[in-house]
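S.K.: pasting a predicted model and its sequence here:
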Amino acid sequence: MTSKSVRPYREPAGGWGALKALSDALLVQRVPVKGAATLRRMNQPQGFDCPGCAWPDPKHTSSFEFCENGGKAVAWEVTAKRCTPEFFAEHTVTELAGWSDYDLEMVGRLTHPMAYDAASDRYLPVGWDEAFQTIGSH
């Protein structure tokens with residue numbers, strides 16, 4: 001687990017530094033090609049809105065209509081990293097509550113529906129039918 005800390009940033013919000021940071025994020029998520037292709041469709045007339053801000057400008061003016069943070073949000077969504085039931089077998093919820101948001105995000109996307117088991121303080125895998133029934137009952 002690698003933790004990132006908040007620190008002063010005195011560089012421009014765009015430009016080469018932002019491009020490098022976004023490229024690094026795509027590499028960390030193991031999606032340099034897929035991520036770049038996805039970013040080309042973000043905030044485009046036939047694409048999708050930024051998951052971070054929905055880019056409120058309705059007018060198409062550029063092929064690159066996104067900021068560094070929006071690009072990173074997409075990188076995290078299309079990540080190749082996967083969070084399997086084995087991960088939750090190794091970590092209690094109490095332990096995970098002490099992890100930073102960044103560290104939790106870096107584990108990857110869930111691969112199975114999970115439900116909290118108070119007796120073990122862990123998330124345990126459940127079937128899709130059970131997951132949908134639980135969601136529907138709430």
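M.R.: Perfect, I can see it now. Numbering: from 1, shown residues only.

S.K.: next, give phi and psi for the residue sitting nearest the centre point of the chain.
M.R.: For the chain, Trp76 is the residue whose C-alpha lies nearest the centre (CA atoms, centre = their mean; 3.0 Å). The phi and psi torsions at Trp76 (degrees, to the nearest 10) take the values phi -70, psi -30.

S.K.: could I get the pLDDT score of it?
M.R.: Model confidence at Trp76, given as pLDDT, is 91.

S.K.: quick one: the closest residue to it other than its chain neighbours and Ala25, what's the gap?
M.R.: With sequence-adjacent residues excluded and distances taken as CB to CB, 6 or more residues apart in numbering, Trp76 is closest to Glu105, at 5.9 Å. Yep, even glycine has a C-beta here, placed from its N, CA and C like the rest. Per CB to CB, to the nearest Å, Glu105 is found 11 Å from Ala25.
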